[in-house]
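Student: got a structure for you, letters missing:
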C-alpha cells in the first residue's frame with residue numbers, strides 16, 4: 001500500500017533494489033510500527049471501507065504515505081466526523097488511540113446492525129498518521145523541523161507564550177512555525193485538501209485531533225488559540241458539552257478554549273475553523289483531545305529520562321487503559337454528529353447558550 005509495496009508481479013527489479021526494499025521494510029517495522037499496523041488493518045478492512053494516500057512525505061529514500069480512511073454515507077448533505085492523529089510525531093499515543101477506535105469500529109461492521117444503520121446517516125474520515133516523518137524520527141516536528149500545529153497562516157492577536165506560542169528563530173528550536181513565504185507544509189496541505197473536499201456544504205461537522213501533553217487531566221480544547229475572545233459557534237460547543245455531561249456525568253474531561261492556557265501563532269484548527277465557517281451555513285466544530293501526560297509520569301517518574309516518556313504511557317497496563325478510555329468519547333461524537341438536529345441550538349437557544357458559555361469560559365476576558 002505504500003511505495004514499498006507498489007511493485008506489480010511483472011516488475012523487474014535489480015538485486016540492489018530488492019535489498020534496499022528489504023532494508024526499508026525493516027526500518028518501517030523498527031521505527032514506524034503504527035504504519036505497519038495501520039496497513040495491516042486496512043488490508044483486512046471490509047469492502048465498505050475505502051482508503052487512499054492523500055500525499056507522501058519524503059524522508060531519505062523513503063516515501064511515507066499519509067493515509068485517509070473513509071466510511072459511511074457518501075451523501076454530501078450528511079453530517080461528517082473527521083478524526084486526526086499523529087500531528088506531533090512524538091505523541092504516538094494520539095495515533096494509537098485513533099487506530100484503537102478505528103480497529104474496533106471495523107470489527108463491529110461485521111455484526112453490528114445499529115452501527116451499519118448509523119453510518120448510513122453520517123460520514124467518517126480518518127487520518128491516523130498526519131506526520132509520518134516526524135513519527136518515524138520520533139520528534140514533535142515534521143522532518144523539516146516545522147511544528148505542524150504552528151504552521152497555519154494565522155497570527156496571535158496578543159502576546160503569545162515565548163517559544164511555546166510559535167517561533168521563527170530556528171528550525172532547531174521547538175515550536176518552529178516555518179517560513180511563511182513557503183506556505184504550509186506538505187502534511188498540512190494534505191489535511192487542508194481533505195477538509196476542503198469533505199466539509200463545505202454540510203449542515204454539521206466535527207473534527208477531533210488527538211494529542212498528548214503536559215497536564216494532570218484529559219482536556220477537550222476548542223478554538224480559539226490565537227485570541228481570547230469567543231468563537232462565533234460557541235453556543236454549539238456549549239450544547240455539545242451539555243449533552244455529553246448529561247449522558248456521561250462521571251466523565252473525566254475538562255472542556256476549555258485553548259486560549260485559557262496560552263496563545264499561539266499558526267494554529268491549524270483556528271485557521272480551518274475560520275475558513276470553513278466563513279462561507280458555510282452549517283456548523284463546523286474542531287476539537288482537540290489533549291491527554292494529560294503528567295499522570296503517567298507521576299506514577300512512573302523515571303519516564304522523565306526518556307523523551308517519549310514525557311508524552312506517552314510506557315507501562316503496558318497503563319497504555320491499554322488509555323487506549324480504551326477514549327473510545328466512549330469518540331463513539332459519542334459519531335452519534336452526536338448523526339443526531340445533530342436533536343441538540344444543536346435554534347435561534348432562541350443559541351442566545352441563551354452563548355451567554356452561558358461566555359459566563360462560564362470568558363468572564364475574565366470580556
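Tutor: Looks like it arrived, so ask away. The structure displayed is predicted, hence computed values, not measured ones.

Student: every contact and neighbour count from this point should use C-alpha atoms.
Tutor: Will do.

Student: name the SS class of the nearest residue to residue 38 once chain neighbours are set aside, please.
Tutor: Distances taken as Cα to Cα, 6 or more residues apart in numbering put residue 99 closest to residue 38, at 7.2 Å, once the chain neighbours are dropped. Using DSSP: H, G, I helix; E, B strand; the rest coil, the structure places residue 99 in helix.

Student: what's the separation between residue 99 and residue 72?
Tutor: 17 Å (Cα to Cα, to the nearest Å).

Student: kindly report the same for residue 174.
Tutor: In terms of Cα to Cα, residue 174 sits 38 Å off from residue 72.

Student: who touches the helix or strand that contains residue 236?
Tutor: Under the criterion of DSSP states H and E, residue 236 resides in helix 234-247. For helix 234-247, contacts defined as Cα atoms under 8 Å, 6 or more residues apart in numbering pick out 251, 255, 285, 332, 343-345, 350-351, 353-354, 356-357.

Student: with stretch 256-267 instead?
Tutor: Here stretch 256-267 has contacts from 149-156, 158-161, 164-166, 177, 219-228, 361, using Cα under 8 Å, 6+ apart.

Student: please enumerate the strands of the chain.
Tutor: All strands of the chain, identified by DSSP state E, fall at 50-59, 62-72, 80-85, 123-127, 204-213, 218-222, 253-257, 283-292.

Student: quick one, which of these is nearest to residue 144?
Tutor: The closest of these to residue 144 is strand 50-59. By Cα to Cα, the value is 9.6 Å.

Student: contact partners of the closest one?
Tutor: Counting by Cα under 8 Å, 6+ apart, the neighbours of strand 50-59 from elsewhere in the structure are 42, 63-71, 132-133, 143, 186-187, 190, 194.

Student: same thing with stretch 124-131?
Tutor: For stretch 124-131, the surrounding residues in contact (Cα under 8 Å, 6+ apart) are 35, 66-72, 80-89, 95, 98-99, 142, 187, 191, 334.

Student: below-threshold pLDDT in the stretch 251-366 of the chain: ranges please.
Tutor: 366 (pLDDT under 70).

Student: sketch out the helices for it, chain order is fine.
Tutor: 268-278, 294-299, 316-325, 327-338, 347-361 (DSSP state H, counting those that start in this stretch).

Student: out of these, which comes closest to residue 105?
Tutor: Of all the helices of the stretch 251-366 of the chain, helix 327-338 comes closest under Cα to Cα, at 9.2 Å.

Student: any idea how far the nearest residue to residue 46 once chain neighbours are set aside is from residue 97?
Tutor: Distances taken as Cα to Cα, 6+ apart place residue 106 nearest to residue 46, at 7.2 Å, with adjacent residues excluded. Going from residue 106 to residue 97 by Cα to Cα gives 14 Å.

Student: who's more crowded, those two?
Tutor: Neighbours were counted for residue 106 and for residue 97 using other Cα atoms under 10 Å; residue 97 has more, 24 against 18.

Student: surely that one meets residue 326?
Tutor: Yes: between residue 97 and residue 326 there is a contact under Cα atoms under 8 Å: 7.3 Å.

Student: show me which of the contacts of stretch 256-267 are buried.
Tutor: 149-156, 160, 165-166, 177, 219-228, 361 (16 or more other Cα atoms under 10 Å).

Student: on that earlier part again, just tell me which of the strands of the chain ends up closest to residue 308.
Tutor: strand 204-213 (10.9 Å).

Student: who touches residue 164 in this structure?
Tutor: Per Cα under 8 Å, 6+ apart, neighbours of residue 164: 174-175, 264.

Student: list just the nearest of the residues you listed to residue 314.
Tutor: residue 174 (23.1 Å).

Student: the closest one: how many residues sit nearby?
Tutor: Other residues close to residue 174 by other Cα under 10 Å number 19.

Student: what's the distance between it and residue 296?
Tutor: Between residue 174 and residue 296 the distance is 23 Å, computed by Cα to Cα.

Student: likewise residue 122?
Tutor: Distance from residue 122 to residue 296, by Cα to Cα: 35 Å.

Student: what does residue 32 give?
Tutor: Taking Cα to Cα, one finds residue 32 at 23 Å from residue 296.

Student: same thing with residue 57?
Tutor: 31 Å.

Student: compare those two and say which is more crowded by neighbours.
Tutor: Between residue 57 and residue 296, residue 296 has the larger neighbour count (other Cα under 10 Å), namely 22 against 19.

Student: surely that one is in contact with residue 313?
Tutor: Yes: counting by Cα under 8 Å, residue 296 touches residue 313, with 5.7 Å between them.

Student: hang on, the earlier thing: report the buried members of the contacts of strand 50-59.
Tutor: 42, 63-71, 132-133, 143, 186-187, 190, 194.

Student: quick one: mean pLDDT for stretch 87-96?
Tutor: Averaging pLDDT along stretch 87-96 gives 98.
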